[in-house]
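A.B. asks: predicted model, plus sequence, below.
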Amino acid sequence: MGNEKEYHSGRIGHRHGLLLLSFLGTLFMYSTRANLSMSMVAMVSPPVDSNNKTPSEANSTFPVACPHLVMQQSSQHYLPSSNVSDKAKVKRKYNWDSSKQGLLHSAFYYGYLLPQVFGGWISHRIGAKLPIAVSVGSIGILTIISPFAADLGSWCFFSVRLLIGLGQGVVFPSLTVLWTTWAPPLERGRLLATTYTGAQLGVVFGISLSGVLAEALGWESIYYFYGSICCVWTIFWLLFAYDSPDRHPKISHAEKTYIRHSLIRPNSDSKLSDDSNSDIDKGNVPWSGILRTVPFWALLAVEFGHNWAFYTLLTNLPTYLSNILHYSLKSNGVLSALPYTLRFVLTMISLFASDWIQSRQHWSTTFLRKFFSLGAFLGCGAALVGVAFSGCNSTLTLVLFTFGVGISGWVFAGYIINYTEMSPRYAGIIIGMGNTVGTTTGIIAPLLVGVLTNGPGGHSVENWRIVFLISAAMYFVISVIYSVFGSAERQKWDTVQRNRQEEVLLK
């Protein structure tokens, strides 16, 4: 008991080494998803007219969105996106129009949509270490060969991005399975949350450094760099990660005992999470109850609306800063990453604030989730409306982008937690259903943006205004739906089977 208490009080153990590896893995992996939004700006040739002029020099065939910025050539920040360094100029470019770019952005999500359930299933069967290693290693190799795939044609590049999405679709469910064997119930939320924050920093890492690499070494270096660090990480993962404490050859007896005892301790919360897998394996999932639950459908609507706006900004913010505000590659990368840096900070603050409020029982859980969710939805929606009408005021636009994306991080203290509160026993299943709905927007939203901004003069303030207003409308609609139908109450179908099992034991 002494050793168990010592570890419970916070002593560093091998599970924390696994946490560091998992955090870095999600960071590096997610950066390969986010860097396309930046690399696409450098990969694609700017549209030219018959006299081979860039939009800043052309006539009305290619109207400039913000012509007054082009005149400020002396500024380091307001350089046309075509004025990159000499090294970047000599690199290969592709004549992909906006529609094709939208299709290529969506390729990742076609792949990401498919293996969510498979990733969890295979990790339950053989352990999570190997599926994660194969997935991240494959992502690294595919990322490295991406420039060569692009040379072979847009459909070859599309296929590579789809395969990268397939690999990433396995990783997050597998990590969840891994922590069920490593994380004591009282630490599980903290360990999982820390692991997943690597994805948020991955956006910052993937976008900010990509601009610097593209301007200094050419856009190909983006893929070589991020692919290589995924491969190196895979080697460390294979050497130091293990499927369970029992398989770790160097874990101390005290830490192993602490984890074992905590996982089988007969308290209600851990019991509910530990015995749910057996019910799932037996097929005893209350599908009828789940599908008749109005708050669950409200969550699916929220997933669709929130992810629509999130993926629209993630894939297109660098393009907007380049084609509308004419920022250079280097400045574009740094400024595009700034909103996601604030998002990470506000996410962590909201999580700590939520825990503090809940521990003091000042608000009901449902009200708490609605407060943070509606703050995120209405805050980001209002910011996007502001962006839509800010025109060429670059300072105001950047402030609004940063605030909107940043405040959206409040969802991690809002509706995202609702899944486990509505159903501790079947959270994995309903989260998977929600992720599937949310991922479909990663396919649809970039395609729609490509259509709206395609053709001569497609990248105009007016066309982009439509893009932002659609996303803002999504936020306002889901705000109404969630405020009326959202609930953090545990559902009856989640407790019925548990009660039956207890009756059997009592008999």
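C.D. replies: Happy to help now that I have it.

A.B. asks: show me the contacts for the residue nearest to Arg343 when sequence neighbours are not counted.
C.D. replies: The shortest distance from Arg343 to any non-neighbouring residue, by C-beta to C-beta, 6 or more residues apart in numbering, is to Gly409 (4.1 Å). Any C-beta I mention is one placed from the backbone N, CA and C, and that applies to glycine too. Applying C-beta atoms under 8 Å, 6 or more residues apart in numbering, we find Gly409 in contact with 200, 342-347, 350, 376.

A.B. asks: spatially, what comes nearest to Leu162 if we skip its sequence neighbours?
C.D. replies: That would be Gly111: by C-beta to C-beta, 6+ apart, it lies 4.1 Å from Leu162.

A.B. asks: got the phi and psi for that neighbour?
C.D. replies: phi -70, psi -40 (degrees, to the nearest 10).

A.B. asks: in the chain, which helix has the most residues?
C.D. replies: helix 185-217 (DSSP state H).

A.B. asks: how about the residue nearest to Leu162, what does it touch?
C.D. replies: Gly111 touches 161-169, counting by C-beta under 8 Å, 6+ apart.

A.B. asks: one more time with 7 Å
C.D. replies: Neighbouring residues of Gly111 by C-beta atoms under 7 Å, 6 or more residues apart in numbering: 162-166, 169.

A.B. asks: most neighbours, which of these?
C.D. replies: Ile164 (28 neighbours; other C-beta atoms under 10 Å).

A.B. asks: ok, it touching Thr32?
C.D. replies: Yes. Taking contacts as C-beta atoms under 7 Å, Ile164 lies within contact range of Thr32: 6.3 Å.

A.B. asks: Leu317: neighbouring residues, count only.
C.D. replies: The local packing of Leu317 (other C-beta under 10 Å) involves 21 other residues.

A.B. asks: could you find the closest non-adjacent residue to it?
C.D. replies: Ser336 (5.1 Å).

A.B. asks: so who does the one you found touch?
C.D. replies: With C-beta under 7 Å, 6+ apart, Ser336 has these contacts: 38, 207, 317-318, 321.

A.B. asks: give me the subset of the residues you listed lying in strands.
C.D. replies: Among those, none falls in strands (DSSP state E).

A.B. asks: how about the host helix or strand of Leu178: buried residues?
C.D. replies: Assessed by DSSP states H and E, Leu178 sits inside helix 154-182. Going by neighbour count (16 or more other C-beta atoms under 10 Å), the buried part of helix 154-182 is 154, 157-182.

A.B. asks: where does it sit relative to the chain's centre, distance-wise?
C.D. replies: The chain centre lies 12 Å from the centre of helix 154-182; the measure is C-alpha atoms, centre = their mean, to the nearest Å.

A.B. asks: find the residues that touch each one of Ile164 and Thr32.
C.D. replies: 139, 143.

A.B. asks: centre-most residue in this structure?
C.D. replies: Ala199 (5.9 Å; C-alpha atoms, centre = their mean).

A.B. asks: ok, it - contacts?
C.D. replies: 26, 30 are the contacts of Ala199 under C-beta under 7 Å, 6+ apart.

A.B. asks: ok, which stretches of the stretch 351-500 of the chain are helices?
C.D. replies: 365-388, 394-407, 415-422, 427-452, 461-485, 492-506 (DSSP state H, counting those that start in this stretch).

A.B. asks: redo the contacts of Ser336 as a markdown table? Include pLDDT.
C.D. replies: Converted to a markdown table, the contacts of Ser336 look like this (pLDDT from 0 to 100):
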| residue | pLDDT |
| --- | --- |
| Met38 | 84 |
| Ile207 | 86 |
| Leu317 | 85 |
| Pro318 | 83 |
| Leu321 | 84 |
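
A.B. asks: rebuild these as JSON lines, extending it with distance to Glu220.
C.D. replies: Shown next, in JSON lines, are those (distance: C-beta to C-beta, whole Å):
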{"residue": "Met38", "distance to Glu220": "13"}
{"residue": "Ile207", "distance to Glu220": "17"}
{"residue": "Leu317", "distance to Glu220": "22"}
{"residue": "Pro318", "distance to Glu220": "17"}
{"residue": "Leu321", "distance to Glu220": "21"}
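
A.B. asks: among those residues, which one lies nearest to Gln101?
C.D. replies: Pro318 (11.4 Å; C-beta to C-beta).

A.B. asks: hmm, the closest one is touching Ala42, no?
C.D. replies: No. Contact status for Pro318 versus Ala42: not in contact, 9.4 Å apart, counting by C-beta under 7 Å.

A.B. asks: name the element the residue nearest to Leu317 belongs to?
C.D. replies: helix 329-359.

A.B. asks: quick one: which of Pro318 and Ala42 has more around it?
C.D. replies: Neighbour tally, Pro318 and Ala42, criterion other C-beta under 10 Å: the higher count belongs to Pro318, 29 against 25.

A.B. asks: and that one, what is it in contact with?
C.D. replies: 37-38, 41, 207, 332, 336.

A.B. asks: going by neighbour count, which of these comes out on top?
C.D. replies: Ser336 leads the contacts of Pro318 on contacts (other C-beta under 10 Å) with 33 neighbours.

A.B. asks: so where's the stretch 51-200 of the chain uncertain?
C.D. replies: 51-91, 186, 188-189 (pLDDT under 70).

A.B. asks: can we see that at 50?
C.D. replies: Along the stretch 51-200 of the chain, the parts satisfying pLDDT under 50 run over 51-63, 68-90.

A.B. asks: and what of the stretch 201-350 of the chain?
C.D. replies: 266-278, 280-282.

A.B. asks: hey, C-alpha coordinates of stretch 106-115 in PDB?
C.D. replies: In PDB, the C-alpha atoms belonging to stretch 106-115 read as follows (Å, rounded to 0.1, in the frame of the first residue of the first chain):
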ATOM      1  CA  SER A 106     -10.200  16.300 -48.700                       C
ATOM      2  CA  ALA A 107      -8.100  13.200 -49.700                       C
ATOM      3  CA  PHE A 108      -6.800  12.800 -46.200                       C
ATOM      4  CA  TYR A 109     -10.300  12.700 -44.700                       C
ATOM      5  CA  TYR A 110     -11.500  10.000 -47.200                       C
ATOM      6  CA  GLY A 111      -8.800   7.800 -45.700                       C
ATOM      7  CA  TYR A 112      -9.200   9.000 -42.100                       C
ATOM      8  CA  LEU A 113     -12.900   8.200 -42.100                       C
ATOM      9  CA  LEU A 114     -12.500   4.400 -42.700                       C
ATOM     10  CA  PRO A 115     -10.300   2.700 -40.100                       C
END
